[in-house]
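Student: Sharing a model prediction with you, sequence too.
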Amino acid sequence: MHTYRGKASRKTSELWCAAHNFHCSLRSRSAIFRARSARLKPCPDTNLRGRGRPRHAVSQMTSGFLQRFTNQLLGIAILKPHMSVQVRVENVSVRKLAAVQRQVRIGEVANSWRPALDRVWEFLRKNPGLRTDGHNIFLYQHPENRQLPMNVAFGVEVTREFPPSGEVALVETPTGRAASALHVGPYERMKETHDAIHAWAAANNQTFAGWSWEIYGDWNDDVSKLETRIEYLSYQGI
């Protein structure tokens with residue numbers, strides 16, 4: 001199981017700035033070196049353990065090493081800002097939802113969820129027994145073009161299948177391997193946990209499969225104790 005923990009600190013911004021400045025300096029120097037090397041004819045370097053590699057090839061090897069080192073620094077700097085977020089990998093099972101679907105752009109979910117979810121709860125009140133202790137779940141289908149609207153199912157977990165009624169229909173969450181993290185705190189700060197999951201994926205060379213969902217825990221008047229499980233379906237067998 002892969003896990004990641006990050007703690008915010010004052011030195012985070014210093015690490016980021018140092019890594020970013022180093023990266024920019026490396027790119028600038030690398031461009032200058034390549035321009036100079038282009039004017040030189042490659043010649044064997046007999047001192048390089050007898051392998052006879054051209055000198056410009058040695059410079060490319062060195063540049064590649066430095067580039068990888070810089071990427072590691074940048075990866076660390078990206079991970080650091082997220083506060084106490086643990087990402088774990090788990091097998092997820094299907095969840096059946098009574099849901100209303102909407103086309104929603106990124107950043108507009110807060111203005112769209114309540115009217116849709118009100119319709120779901122109205123339907124559930126008319127169909128007792130369909131839900132026992134199921135939670136609110138928002139299922140997102142992410143388009144490749146982030147400028148396009150997402151298909152979002154605003155739903156409530158139910159115990160069995162049912163025929164559609166008006167806008168309310170049966171929707172199922174995907175199954176497979178998923179990266180999962182628990183967000184603790186107010187809903188308006190959930191972006192921090194989403195960002196932590198994406199930072200973990202970048203650090204572990206993982207690619208997501210276009211689906212994510214949020215499982216909302218029971219309400220608490222102390223918003224600092226609210227719990228929301230966030231899961232991203234993965235392409236790879238992580």
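Tutor: Yep, that arrived. Numbers count the residues shown, from 1 in each chain.

Student: tell me the domain ranges of this structure?
Tutor: Domains of the chain are assigned by automatic domain parsing as 11-79, 87-234.

Student: Pick out the shakiest of those, pLDDT-wise.
Tutor: Per-stretch mean pLDDT for these is lowest at domain 11-79 (a mean of 45).

Student: so how many other residues sit close to W200?
Tutor: W200: 26 surrounding residues under other CB atoms under 10 Å. Quick note: C-beta positions are derived from backbone N, CA and C, even for glycine.

Student: Make sure it is indeed in a helix.
Tutor: Yes: under DSSP: H, G, I helix; E, B strand; the rest coil, W200 falls within a helix.

Student: Do you have the strands of the protein handy? List them.
Tutor: Applying DSSP state E to the chain gives strands spanning 87-92, 96-104, 136-141, 150-157, 169-172, 176-184, 208-216, 227-234.

Student: W113: which of these is closest?
Tutor: Comparison of these against W113 by CB to CB identifies strand 150-157 as nearest, at 5.2 Å.

Student: Name the strands paired with the closest one and say parallel or antiparallel.
Tutor: strand 96-104 (antiparallel), strand 136-141 (antiparallel) (DSSP bridges).

Student: Can you tell me how far the nearest residue to R189 once chain neighbours are set aside is from G210?
Tutor: Nearest non-adjacent residue to R189, counting by CB to CB, 6 or more residues apart in numbering: H183, 7.6 Å away. H183 is 21 Å from G210, where distance means CB to CB, to the nearest Å.
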